[in-house]
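Undergrad: no sequence for this one, just the structure:
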Ligand SMILES: Cc1ncc(COP(=O)(O)O)c(C=O)c1O
């Protein structure tokens, strides 16, 4: 989050109520009011301050009813205890905490194995704060490889402009990568009946300056898996015909811990030689609290050496490839706990349970008869639906009305060229059991009943439908004709806040 500094003189009304925090029932301990936007002059009792902050945080949404997020909201108490014990350990202090580093190394190995990395022992990877950082690292490796292939080293400018091909449905971190690291994004638009990347459309955008093609497992918008094996085959054909050799990066932020357990025969990972790197979020279906992510390369030749830094800050020599320096260790320990505690069988049990809850919810919603289901079976445990008839009320009305009951179910429009379709999305995570799910269905029915009878929600909750792209932002350079120009233009207006 970016936070603006508040000018106290512009604080609305400047009333005491706005400028100070003053807990009424704690007031016997408060000597003077506590300012809101300036550090207080004096200290206060820990009990009072903890109570005050807890009370304030009660105004947040209820995380168990937050069906908008893919991110873990529940872990076992044993995991929480382990996390608490590691809170003070800086992960970068490798010499001081060698066992923590050894545990992270084991996690990378387990994930590479899960993603079917070749047994040559040449795969490598690292822990990150989330998939966004993992994607930026993977994108940098693609860009460096492309640049090295032109015979240019770091610091040498080129007249050539790198581009990356991806569906218009990519998560915002890909747009950040392209903008922050000067790579032209080439977006494959969606269609009214296709909400993931089109293979032919993607190949049409590839040229000799394409650093990579992104395949998403699965789409943040609908939960669908992109056709990664088909993309790989099409890129093989392209190489056979005109010699252009372009790798695939798989953004498995959510699916990386779903597909290996639910659909182990689906080929999307290092079983496809064209897949050079994969990211996943440990804090999504890896079942760890935020934030932990992972990125793995199938072979060390795909991670150029000059991206690796050798840190010897507090002793020893440690190769690192990360955007952060200091970071917490707790999430890595928690990931390791889950790997050992659940094992492959346990993860499979969890994913099967989530999948059957998602199917149950889908069936109940289909029985209502008012919705079209856009999410597909055997993908992410997500239910994505649109209204068949939008003349009387919209999915935004349903989302806002559900919010009045405490449920957080986002409504948003799909990515460019399918943006006339507005959907509701329910992410099924651990914590959404059948009991809660059946309450959700009851509330959905009663909300629809109210809307049919003409009751509108008191307020329109639409925070997840907001575009974070600044108004008037320029589309990046057009390099492959009108098709891309249109895609870029539309990309500016797509909803960005859904995940
Ligand atoms: C497909 C996809 N990629 C990347 C991300 C970013 O992941 P993170 O929140 O771990 O940075 C998300 C988040 O929802 C996502 O759905």
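TA: Done, it's in. Since this is a predicted model, take the numbers as computed values, not measurements.
Undergrad: Would you mind listing what in the protein touches the ligand?
TA: Residues of the chain that fall close to the ligand, judged by C-beta under 6 Å from any ligand atom: 70, 130-132, 171, 173, 216, 220, 251, 253-254, 281, 293, 499. In short, each C-beta sits where N, CA and C put it, glycine included.
Undergrad: Just put those residues in CSV and tack on secondary structure and distance to residue 50.
TA: Shown next, in CSV, are those (DSSP: H, G, I helix; E, B strand; the rest coil; distance: C-beta to C-beta, whole Å):
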residue, secondary structure, distance to residue 50
70, coil, 30
130, coil, 28
131, helix, 32
132, helix, 31
171, coil, 35
173, helix, 34
216, strand, 41
220, coil, 35
251, strand, 39
253, coil, 34
254, coil, 34
281, strand, 30
293, strand, 30
499, coil, 30
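Undergrad: can I get the residues you listed in TSV with distance to residue 307 and neighbour count?
TA: Output for the residues of the chain next to the ligand, formatted as TSV (distance: C-beta to C-beta, whole Å; neighbours: other C-beta atoms under 10 Å):
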residue	distance to residue 307	neighbour count
70	28	20
130	19	22
131	18	29
132	17	22
171	23	21
173	18	20
216	24	26
220	27	23
251	19	30
253	21	27
254	26	30
281	22	29
293	17	28
499	27	21
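Undergrad: Out of these, which is nearest to residue 194?
TA: Each of these was checked against residue 194 using C-beta to C-beta; the closest is residue 216, at 13.4 Å.
Undergrad: Where does pLDDT dip in the stretch 351-499 of the chain?
TA: For the stretch 351-499 of the chain, the stretches with pLDDT under 70 are 460-499.
Undergrad: for the lengthiest helix in the chain, which positions count as buried?
TA: Using DSSP state H, we find that the single longest helix of the chain is helix 330-368. Buried residues in helix 330-368, counted by 16 or more other C-beta atoms under 10 Å: 330-339, 342, 347, 350-351, 354-355, 357-358, 360-362, 364-365.
Undergrad: Could you point out the helix or strand that follows it?
TA: Next in sequence after helix 330-368, counting helices and strands by DSSP states H and E, comes strand 371-373.
Undergrad: Contacts for that following strand, please.
TA: 362, 365, 366, 383, 384, 385, 386, 387, 388 (C-beta atoms under 8 Å, 6 or more residues apart in numbering).
Undergrad: what sits against the second one?
TA: Spelled out, it's residue 365. So residue 365 contacts 371, 373, 383, 385, 441, 444 (C-beta under 8 Å, 6+ apart).
Undergrad: In JSON lines: those, plus neighbour count and distance to residue 404.
TA: Below are the contacts of residue 365 laid out as JSON lines (neighbours: other C-beta atoms under 10 Å; distance: C-beta to C-beta, whole Å):
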{"residue": "371", "neighbour count": "23", "distance to residue 404": "20"}
{"residue": "373", "neighbour count": "16", "distance to residue 404": "25"}
{"residue": "383", "neighbour count": "29", "distance to residue 404": "20"}
{"residue": "385", "neighbour count": "25", "distance to residue 404": "19"}
{"residue": "441", "neighbour count": "16", "distance to residue 404": "17"}
{"residue": "444", "neighbour count": "25", "distance to residue 404": "13"}
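Undergrad: Quick check: which ranges of this protein have low pLDDT?
TA: 8-19, 22-31, 152-158, 313-315, 460-499.
Undergrad: if we can go back for a sec, of all the contacts of residue 365, which comes closest to the ligand?
TA: Closest approach to the ligand among the contacts of residue 365 (C-beta to the nearest ligand atom): residue 383, at 15.7 Å.
Undergrad: Identify the bridge partners of that closest one.
TA: Listed beta-bridge partners, residue 383: residue 426 (assigned using DSSP bridges).
Undergrad: Excluding chain neighbours, give the residue nearest to residue 169 in space.
TA: residue 415 (4.2 Å; C-beta to C-beta, 6 or more residues apart in numbering).
Undergrad: That neighbour: how many residues sit nearby?
TA: For residue 415, the neighbour count with other C-beta atoms under 10 Å is 27.
Undergrad: Specify the local secondary structure of it.
TA: coil (DSSP: H, G, I helix; E, B strand; the rest coil).
Undergrad: ok, back up a step: nearest to the ligand, of the contacts of strand 371-373?
TA: For those, the nearest to the ligand is residue 384 (12.9 Å; C-beta to the nearest ligand atom).
Undergrad: Could you check how many residues crowd around the closest one?
TA: By other C-beta under 10 Å, neighbour count at residue 384 equals 25.
Undergrad: Do I have it right that it meets residue 222?
TA: Yes: using C-beta atoms under 8 Å, residue 384 is in contact with residue 222, at 4.4 Å.
Undergrad: Spit out the residues that contact these two alike.
TA: With C-beta under 8 Å, 6+ apart as the test, residue 384 and residue 222 both reach 374, 375, 423, 425.
Undergrad: Of those, just say which sits nearest to the ligand.
TA: residue 425 (11.2 Å).
Undergrad: number of nearby residues for the closest one?
TA: 24.
Undergrad: Domain map for this structure?
TA: Domain ranges of the chain: 16-59, 81-337, 349-465, per automatic domain parsing.
Undergrad: So which of those domains has the densest surroundings on average?
TA: Ranked by mean neighbour count under mean count of other C-beta atoms under 10 Å, the domains of the chain are led by domain 81-337, which reaches a mean of 20.
Undergrad: measure it end to end?
TA: Distance across domain 81-337, first residue to last, is 11 Å (C-alpha to C-alpha, to the nearest Å).
Undergrad: ok, residue 433 - contacts?
TA: residue 357.
Undergrad: rerun at 10 Å
TA: If you count contacts by C-beta atoms under 10 Å, 6 or more residues apart in numbering, residue 433 has them with 353, 354, 357.
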